[in-house]
Structures are given as C-alpha cells and as structure tokens.
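Peer 1: my questions are about this predicted structure, shown below with the sequence.
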Amino acid sequence: MGDLNKLTIGAARDALRARDITSVELTQACLGAIDGASALNAFVHNTPEIALERAAAADQRLAKGDAPDMCGIPIGIKDLFCTKGVPSQAGSAILNGFKPEYESTITQNLTDAGAVMLGKLNMDEFAMGSSNETSTYGNVVNPWRRGNDTAELTPGGSSGGSASAVAADLCLAATGTDTGGSIRQPAAFTGITGIKPTYGRCSRWGVVAFASSLDQAGPMTKSVRDGAIMLGAMCSHYPKDSTSADIPVPDFEAALSGDIKGKKIGIPKEYHMDGIPGEIDALWADGVAMMKDAGAEIVDISLPHTKYALPAYYVIAPAEASSNLARYDGVRYGHRAKLAAGDGITEMYEKTRAEGFGHEVQRRVMIGTYVLSAGFYDAYYNRARRVRALIKKDFEDVFAAGIDAILTPATPSAAFGLGEMNDADPVRMYLNDVFTVTVNLAGLPAISVPAGLDKQGLPLGLQLIGRPWEEGDLLNAAYRLEQAAGFVSKPAKWW
Amino acid sequence: MSIDTKTAAHVAKLARIRVEEKDLPALANEFNTILGFIEQLNEVDVEGVEPMVSVTPMRLKRRVDEVTDGNQQAKVLANAPDAREGFFAVPKVVE
C-alpha cells in the first residue's frame, strides 16, 4: 500500500485490524511526509522517538486483538496541549523551554486509546488569532494555493498548524481547540472537517487556558466519520476539571446512518450579512438544497442577537484571557527577562511580559484588563455577559421550537493571503469569526464540513450547529451533507 | 469613551506589561478602535437579564475535602527560571 499517510482514520483502522499494514509503517509514512513539509511550518516540535515507540506498542495491542478505534493512528497535537516532557508553548515565547510535568486529559485519553503522537503543531499565540500569523514559531502556510499563483495563503487560525498538517496528509488527524472558531475556520480554509463539541464534553485539564468559559477542544480530520471516531476517544469527565461533564459518551460513529428524513434544519436570516461574497451565499444555498433533497425540512429561523456576538466576545474573551494569562510572570515557568541593577519584582513582571507576549496577546490582555477595571466592569463586562445570555436564549428558543440543527456558512471568505491583513485594523481580522463565535458563547456543538471550491480553486466550508450534548445527531446531519457535497479535492503538492 | 495615552499607560501598568512611551499613542488608538466596536452592545436592551455565568446549567461536582496529591516539590520547581533550596527565587520584594 502506497501513501499510507493519506489514509483516513476509518480506513487505517480497518487495515490495521486486518493486519494489512502496521502502525509502525503508517507512522513512518507520516514522519517521512512531515520531513518533506517544512515549508508548511505546521509541525514545530517533532517527536519521532515517541511516535515509533507508541506505534510498536500499538502493533502489539493490535496483534492481541485489543485495539480501540484510535489504536495505532498517527496524529498531531496542537501546541496548546500539555504533553509530558515534550515542549508545550502555546505558540508563545513566554513559554520558551517549558516542558510540562503532566499530560492533558485529552492527550492522555488518546494515548490510552493507542493513538500515536507525531509531534506538536503550530498555532496562533495562546490561540489568539484567525490567520496563524501571531505564533512565535512563525506563520503556518496553507497547502492550498489560488490556482497557479504561488502567493502563500493562511491556513486560518488559531489551529492553523493542525489544519495545514491534516490537509497536507502529514498526519491522519489532529487535535484543535476552538474559543471563537479556531477549529472550524481553519478547517474550512483547508478543506477538512473540524468539530467543536458541546462545552464540557472534553476536559480542558492540561489545555493552556485562553478564555475558560469558551475554550473547547475537538478533532480536525479528513472526514466526518473520522471526526466521530476521534471525538469519542477525546471526550471524558476529569475530576480536576469541574466544568467537564460527567455524562456518558455515546458511540458517535454508530449515529452515522445518513438518514435525516424529517429533521428540521434551521436557516437563520441574520447570517445573510452585508459584504459577504456571493460565492459564500451560493454555497449556502447549495447546502440548503442538499439537505432538502435528503428529506430534511428547511425552516427559516431568526437568531436576533447574532449581530452582537462578536462585540460581546471581544469583551468576554479578553477579560478571561487577562485573568488566565496573569500566571505568566517569570516566576514559575518559561521566560524571565534579564533585569537591570536595582530592578524589583514589578520590573521583572513588566519586562518579562513585554518580551514574552506578542503584540496581539498584549493587546487582548490589556483590553481585558480595561473592561474588568474598576468603573468599567458593569459597563463592559457585565453588559457583555447579559448580551451573552440573550444570544444563548436565541438558540434555546429555536431548539424549543423543534429545530434539530442550524445550517450556516463556516467563514465569510476563503483563505486569504499571509500578510494581507497586516494593515487592517484588528476588528477586520476579528470578523473572520462572525459565523462561528455565537456557538462558543452559547456552548453549543458545531461542525465545519468542506462543501465546495471558490472560483480560485480554494475550499469553502459549511457549518452545522446542533443541540447541546447531541453531537451524534449533529454528526449524522454533517455526514449526510458530506455525502451530498461529495468534496474530494486535495491541494496539489508544491511543498 | 475615548482612551488617551495616560489611560493607556495606566492599563498597561495594571496588566504588568511594559509599554514604551513612544508606543502609547498607537496603543491608545487600537484600544479606541476595539472599544468603538464593543460600543454596539449599548444598543441591546438588557433590562432584567442576568449576566451569564456558566454555559451549561450544571452544579459543579464536589469531592471529599482530603489531601489527594503532594510531595512533588522537584516537579513543581522543574520549569522555574530560578529556583533555589526548594523555593522559587525572585528579586527583592520588600526594602
């Protein structure tokens, strides 16, 4: 079998269990692909020794017939996840040299299931960004290009390394995290599938915190089935994360029947926005037609507070970030600035944080500090939390009216060029998350599915939003959409 | 609400991030752009709406109040930029 790295999780699982291939062969194929793809800058800490050791162990489990679905599957891990003894920097210089003494719940769950870690993946610093241009490791490059144009494009962010690596077949799948769209937007920009589960479905223990009430990890994969398989292996309660849900994890893959007859799919009128390219609206209309053809009932719905989701997010997320990132003080881990004679502890904090944090992170920490400061807490932070309650209620109302899932575009554009937004004001970059951020505020599960190409040959995604804790139904609707869209394009290899 | 360089300097101080004097006008400008965007929230009628605390209405799990962990001094200090004699070391805090 050639090009083992191009397999899906589902196909590799079946081939591994049939003993047609070994995990060591599969892992070597991925390691070779990673070595040849440094131009993408997706993998930033490679762990080939760990990978081959785990692959050999997986082969032994497979030989014994004790093989969970993820056993022997080589994956990439976003740098935001703490992995014991392996650099985990959240894409930031302030965590230079940090090697955790413990493992995140999710990577432990994946390891226990037999998955093989190939290395750590590039990302926007502390997951703050929509283009993977804020990383201390430098930009990630999207494997997709505009036709024959050699201009480098963004893979999206913040899980840009994960998206680029999966799209370029450097690994079978990768972990991502999503605070405002950081799984779904890069998935859409690179033609892969990205799932943000219900808040609390995956434990956040050991995932470097950005905005704790919004952060949620999920899988980034080559198909909806792969997403279902990998999500099942990632989910769990963990006693050290009181926000992780202590409820049973269903067999998500078993929910993939493709039958959505009679399901009510909501189409929110507020997602028709000014300035969105016609191609995006056309793709959305195609998606509606596909769901209708599959027997779903299409229902026009209203989510009246949609417009206020981004401004509410840009109060709440920076506020939580300013609190979470207070821990980077040069005392316990990571970078400490060189001090001048006479410098005290305040100078140490201020110099360390000025040197260690990049521009976007500094800006968000300071905005968060401002909206939480005395005199502004009510006007900004509490008001944003009230608006958040209304956004959540918008969704509760449509679900109470019988809607099963909501179909929207995933992003307001296809991938843009690296550097293209350099001169834009920060708000323009934030608009990337306009279709995805509502979901984080309401804690809902959602998925981005590749559904077509734009006229320049770049992938575009559609988003489905589901009811809380009903990822199975959501993935089944996405599975039907995937079948109908029949997206099979891959980027032409140039790297 | 408009942020001047004095306020920007104050916010940087509160956030414990050193910002050079010459960078303050640009920073204040960025704050004003972002806060201008956030101002839209004032259009929303939030009368009687409770600020949202938790995404899912669930009671946090509790456990028995007992020691379950500890004796990991070396691990705790392993990543410290400066650790001495079992402690984190920092510049002098009190005169």
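Peer 2: Structure's in. What do you need?
Peer 1: from chain B, how far off is the residue nearest to the spatial centre of chain A?
Peer 2: The centroid of chain A falls nearest to residue A:183 when counting by C-alpha atoms, centre = their mean (2.1 Å). In this view, residue A:183 and chain B are 17 Å apart by C-beta to the nearest C-beta, to the nearest Å. Glycine gets a C-beta too; all of them are placed from N, C-alpha and C.
Peer 1: that residue reaches residue A:156, doesn't it?
Peer 2: No - under the criterion of C-beta atoms under 8 Å, residue A:183 makes no contact with residue A:156, lying 9.6 Å away.
Peer 1: packing partners of the longest helix seen in chain B?
Peer 2: Secondary structure assigned by DSSP state H gives helix B:24-38 as the longest helix of chain B. Helix B:24-38 sits against helix A:309-324, helix A:359-372, helix A:426-430, helix B:5-14, with contacts defined as 3 or more C-beta pairs under 8 Å, 6 or more residues apart in numbering or on different chains; DSSP states H and E.
Peer 1: in JSON lines, list these along with mean neighbour count and mean pLDDT.
Peer 2: Formatted as JSON lines, those follow (neighbours: other C-beta atoms under 10 Å in any protein chain shown; pLDDT from 0 to 100):
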{"stretch": "helix A:309-324", "mean neighbour count": "25", "mean pLDDT": "97"}
{"stretch": "helix A:359-372", "mean neighbour count": "23", "mean pLDDT": "97"}
{"stretch": "helix A:426-430", "mean neighbour count": "16", "mean pLDDT": "84"}
{"stretch": "helix B:5-14", "mean neighbour count": "17", "mean pLDDT": "97"}
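Peer 1: closest to residue A:166 out of the ones you listed?
Peer 2: Proximity to residue A:166 (C-beta to C-beta) singles out helix A:426-430 among the helices and strands packed on helix B:24-38, at 23.2 Å.
Peer 1: so residue A:78 sits against residue A:164, correct?
Peer 2: No - the criterion here is C-beta under 8 Å, and residue A:78 misses it with residue A:164 at 11.7 Å.
Peer 1: show me what contacts the nearest residue to residue B:83 once chain neighbours are set aside?
Peer 2: With sequence-adjacent residues excluded and distances taken as C-beta to C-beta, 6 or more residues apart in numbering or on different chains, residue B:83 is closest to residue B:77, at 4.2 Å. Residues near residue B:77 by C-beta atoms under 8 Å, 6 or more residues apart in numbering or on different chains: B:83, B:86-88.
Peer 1: those in strands, which ones?
Peer 2: When DSSP state E is applied, these are split such that B:83, B:87-88 fall in strands.
Peer 1: and which of the residues you listed is nearest to chain A?
Peer 2: residue B:88 (5.3 Å; C-beta to the nearest C-beta).
Peer 1: SS state for residue A:5?
Peer 2: Under DSSP: H, G, I helix; E, B strand; the rest coil, the three-state class of residue A:5 is helix.
Peer 1: quick check: pLDDT value at it.
Peer 2: Confidence at residue A:5, expressed as pLDDT, is 98.
Peer 1: so where is chain A shaky, pLDDT-wise?
Peer 2: The model of chain A has pLDDT under 70 over residues A:1-2.
Peer 1: before we move on, the earlier item: so between residue A:78 and residue A:164, which is more surrounded?
Peer 2: A count of neighbours by other C-beta atoms under 10 Å in any protein chain shown puts residue A:164 above the other of residue A:78 and residue A:164, at 34 against 31.
Peer 1: going by secondary structure, the more buried one is in what exactly?
Peer 2: Residue A:164 is part of helix A:160-167, with elements assigned from DSSP states H and E.
Peer 1: check which element follows that helix along the chain.
Peer 2: Downstream of helix A:160-167, the next assigned helix or strand under DSSP H and E is strand A:173-178.
Peer 1: partner strands of that next one, with direction?
Peer 2: Applying DSSP bridges to the sheet, strand A:173-178 is found paired with strand A:74-78 (parallel), strand A:216-221 (antiparallel).
Peer 1: what's the closest of those strands to residue B:21?
Peer 2: Closest to residue B:21 of these is strand A:74-78 (C-beta to C-beta; 37.3 Å).
Peer 1: check the offset of the closest one from the chain's centre.
Peer 2: 12 Å (C-alpha atoms, centre = their mean, to the nearest Å).
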